[in-house]
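>>> Here is a sequence with its predicted model. Questions after.
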Amino acid sequence: MATKISLGDKVRISFDYGVDNNGKQILKRKSFPIIAGATDDQVYTAANNFASLCEKTLVEIEKIENYELQA
């Protein structure tokens, strides 16, 4: 049976940087590690607070959970 080992979680925040010459939206992202034990609400609040300090418009907040699978 495979087991999973946490490699740590991070939050990725995406910002709107306008559109390119083809009309496609340009997104720029910033990632931060998440402190172990932080709730989803805490992660969302922290990411939202960070985004409020930035000039560009917030597009999305993603929580990324990384695991290694071992046999």
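Sure, I can see it. Quick caveat, the model's predicted, so the values are computed rather than measured. Residues are numbered from 1 along each chain as shown.
>>> quick one: pLDDT of the one residue sitting closest to the centre of the chain?
Using Cα atoms, centre = their mean, the residue of the chain that lies closest to the mean C-alpha position is Arg12, 1.5 Å off. We note a pLDDT of 98 for Arg12 in this prediction.
>>> what do you get for Val43?
96.
>>> Contacts only, for it.
Val11, Ile34, Ile61, Lys63 (Cβ atoms under 8 Å, 6 or more residues apart in numbering). (Each C-beta comes from the backbone N, C-alpha and C, glycine too.)
>>> Equivalent analysis for Asp40, please.
Taking Cβ under 8 Å, 6+ apart as the test, what Asp40 contacts is Lys63.
>>> Now, of the contacts of Val43, which are buried?
Neighbour-count burial (16 or more other Cβ atoms under 10 Å) applied to those gives Val11, Ile34, Ile61.
>>> Which parts of the chain are strands?
3-19, 25-33, 57-70 (DSSP state E).
>>> Mind pulling up the pLDDT for the nearest residue to Ile26 once chain neighbours are set aside?
Among residues not flanking Ile26 along the chain, Tyr17 sits closest, at 4.1 Å (Cβ to Cβ, 6 or more residues apart in numbering). According to the prediction, Tyr17 has pLDDT 97.
>>> Kind regards, and thank you for your time.
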